[in-house]
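Asks: The following block contains a protein sequence and its predicted model.
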Amino acid sequence: MKVVNPRTGEADYEIAPLNADAVAAEAKRLRQAQPDWAAKTPQERGDIMRQWADAIEAALPKIIPALTDDTGRGGISMIEAAGVPDQIRRWAERAPKLIDAGQPTGQPTSHQTITTSTQLVPYRLVGVISPWNFPMTLALIDAVPALMAGCAVLIKPSEVTPRFIRPLMETVASVPELAKVLSLIEGDGATGAAMVGNSDFICFTGSVATGRMVGEAAAAAFIPASLELGGKDPMIILADADPDKAAAIALRASIVNTGQACQSIERVYVARNIADDFLAALKEKAEAVQLNYPDIKQGHIGPFIFGKQAELTQSQIDQAVSKGAEIVTGGKVENLGGGQYLRPTVLTKVTTDMDIIREENFGPVIPVTIYDDVEDAIAQANDSKFGLSAAVISASIEEAEKVAGRLNVGAVSINDGSLTGMVWEAEKSSFGYSGLGASRMGASGLLRFFRSRVLMRQSGDAAQIASFAEENFS
Ligand code: NAD
């Protein structure tokens, strides 16, 4: 299977997707090794994971270029890969305490002679299916806590961005005890579909359409599915906000990584009294943004990682314009050296019947709606099938929190945008079509990979059937 380079448009890499039999064989190998892995103490697993973190750190000079070729962007690939070792070390540090706290022993119950102790039993094999927008982060975000829980893990990253898999697998191979329980495989949608029937727990990050299929297949296989799907994140800018600061936040939160982030700001609602100043500042700042072209080491945003997203974004912009939207700046995808680029695009006069307001957009596009009444802004922000995250900007944290508390989303950034990409410690749920299952952030990011088994000890006399004789109750 050919893989396209997003900077050149050339198919310059190949993978051999695993078929269903190969997935089953790899799953069997990992599952067989899992009991020994689970029998280690969390501290022992943590020590092995720290060895892996060191191996990844040493391999960054190989991994970062692969990730850069996958995604067409340099600096973010560096941040993405370089953050992984510390992410592993953080879980290695936190997991033993969380596992300990999750296994209370000798708990008294409502019956004085019965005490209980709880055991956390890891799922045997966790399957991870991940997307292309942050290929390495999203391949590992669920896998690392699952490993710390004592599960074996099989990961299938996106076929759009598979170049980082081989150098990362070299690091796995360099830690033999980990290699028995962790594998990253190359494959496409069919490989992903085969993962579901071979896993005991499935973690999926990707689109709603595929997530729905994965969720249905998981239900049929009677396994839990953690689904992290799309978003259409709104930002509400209150009347007391500084329009210049708000414009800087809206711009960055909408266009970083070329807008290819689930938690990108995709709709802006600004109070009328500051709307002119806000739009003027947003236009000026948007026009100062430079493409990473021709030099990848210069500028702010790179090409679309996946060519189809460029087409989809252009069609959403064109549809909006045909329905009356006005382009303040940007608006046309450019082919530069074979890569598809879009300068930050600001739209006004957008309406709720436009796809740019209703459907997810993975481009650097900022549709702006001006509101007179904040109640209307809240209603419009909540008028979405998605409920991933949102942002509120105000001079008053108190006022911002009042609005934030009324948004149907699992995470709200206040006086910033897209903070979920930076905050891993606090739990958050995905509302609506944005996902299903326990939070991947915070303690539940680890604890969801366990089932609880309670041992109930009777120290007194066991009840006799005579106690249940009907005569006793009359
Ligand atoms: P996608 O749904 O097209 O693909 C995701 C993965 O699913 C890929 O690995 C793909 O090979 C696999 N797949 C395809 N068909 C499958 C099937 N039938 N069964 C099992 N697996 C299958 O998504 P994408 O285009 O790669 O990613 C972009 C999407 O991901 C966006 O919607 C974005 O919002 C979402 N996303 C969500 C989060 C989050 O945390 N909520 C984070 C990043 C991205």
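Replies: Perfect, I can see it now. Numbers count the residues shown, from 1 in each chain.

Asks: C-alpha from now on. contacts and neighbour counts both.
Replies: Will do.

Asks: Name all residues that make contact with S174.
Replies: By Cα atoms under 8 Å, 6 or more residues apart in numbering, the contact set of S174 is W52, A55.

Asks: Now for the residue in the stretch 351-474 of the chain positioned nearest to the ligand, how many residues are close by?
Replies: Minimum separation of the stretch 351-474 of the chain from the ligand (Cα to the nearest ligand atom) falls at S434, amounting to 6.2 Å. S434 sits with 25 neighbouring residues when counted by other Cα atoms under 10 Å.

Asks: again, but for G150
Replies: G150 - counted by other Cα under 10 Å - has 27 other residues nearby.

Asks: ok, now Y293?
Replies: There are 18 residues near Y293, going by other Cα under 10 Å.

Asks: again with the one 10 residues further on
Replies: Under the neighbour criterion other Cα under 10 Å, P303 is assigned a count of 29.

Asks: any idea of the pLDDT on it?
Replies: The per-residue pLDDT reported for P303 equals 98.

Asks: wait, isn't it in contact with G338?
Replies: No: look at P303 against G338 with Cα atoms under 8 Å: they stay out of range, at 9.6 Å.

Asks: Roughly how far does the closest residue to A173 other than its chain neighbours sit from R29?
Replies: Spatial nearest neighbour of A173, chain neighbours left out: A179 (5.4 Å); criterion: Cα to Cα, 6 or more residues apart in numbering. Between A179 and R29 the computed distance is 10 Å (Cα to Cα, to the nearest Å).

Asks: Kindly report the residues of this protein close to the ligand.
Replies: Listed as neighbours of the ligand in the chain under the rule Cα under 6 Å from any ligand atom: 129-132, 157-159, 188-190, 192-193, 205-207, 210, 214, 228-231, 261-262.

Asks: Can you pick out the ones from those residues that are in helices?
Replies: Within the residues of the chain next to the ligand, residues falling in helices by DSSP state H are G189, A190, G192, A193, T210, V214.

Asks: List the buried residues in stretch 58-68.
Replies: Buried residues in stretch 58-68, counted by 16 or more other Cα atoms under 10 Å: A59, L60, I63, I64, P65, A66, L67, T68.

Asks: I meant to write stretch 438-445 there.
Replies: For stretch 438-445, burial by neighbour count (16+ other Cα under 10 Å) applies to A438, S439, R440, M441, A443, S444, G445.

Asks: The first one is in contact with L447, isn't it?
Replies: No: the criterion here is Cα under 8 Å, and A438 misses it with L447 at 9.1 Å.

Asks: coming back round to it: out of the ones in helices among the residues of the chain next to the ligand, which comes closest to K297?
Replies: Nearest to K297 out of those is G189 (Cα to Cα; 33.1 Å).

Asks: what about the closest one, distance to A16?
Replies: Look at G189 and A16: by Cα to Cα, they are 13 Å apart.

Asks: same question, E360
Replies: For E360, the distance to A16 - Cα to Cα - is 30 Å.

Asks: More neighbours: which of the two?
Replies: For E360 versus A16, neighbours defined as other Cα under 10 Å are more numerous around E360 (21 against 12).

Asks: Might you report the residue contacts of that one?
Replies: Residues near E360 by Cα under 8 Å, 6+ apart: G230, G231, K232, E266.

Asks: same check, this time on L154
Replies: A27, L30, L125, V126, G127, V128, L182, S183, L184, I185.

Asks: do A239 as well
Replies: A239 touches V270, A271, R272, N273, I274, S394, counting by Cα under 8 Å, 6+ apart.

Asks: Try it again at 7 Å.
Replies: A239 sits next to A271, N273, I274 when contact means Cα atoms under 7 Å, 6 or more residues apart in numbering.

Asks: Equivalent analysis for G231, please.
Replies: The contact partners of G231, by Cα under 7 Å, 6+ apart, come to C262, Q263, E360, F386, G387, L388, S434.

Asks: re the thing from before, test my guess that the residue nearest to A173 contacts T171.
Replies: No: taking Cα atoms under 7 Å as the definition, A179 is not a contact partner of T171, at 9.0 Å.

Asks: which one of these two has more residues nearby?
Replies: T171 (22 against 18).

Asks: Specify which member of the contacts of L154 is nearest to the ligand.
Replies: So of the contacts of L154, ranked by how close each gets to the ligand (Cα to the nearest ligand atom), first place is V128, at 8.7 Å.

Asks: Would you mind confirming that the closest one is in contact with C151?
Replies: No: contact between V128 and C151 fails when scored by Cα under 7 Å: they sit 11.9 Å apart.

Asks: just the contacts of A239 now: which is nearest D244?
Replies: Closest to D244, out of all of the contacts of A239 and judged by Cα to Cα, is I274, at 9.6 Å.

Asks: So what's the residue count around the closest one?
Replies: I274 has 18 nearby residues by other Cα under 10 Å.

Asks: ok, now T115?
Replies: Burial of T115 is recorded as 17 neighbouring residues (other Cα under 10 Å).

Asks: all numbers from here: first residue = 15
Replies: New numbering, starting at 15: the last item is T129.

Asks: Tell me which helix or strand it sits in.
Replies: Taking DSSP states H and E as the criterion, T129 maps to strand 128-136.

Asks: mean confidence for stretch 420-429?
Replies: The model assigns stretch 420-429 a mean pLDDT of 98.
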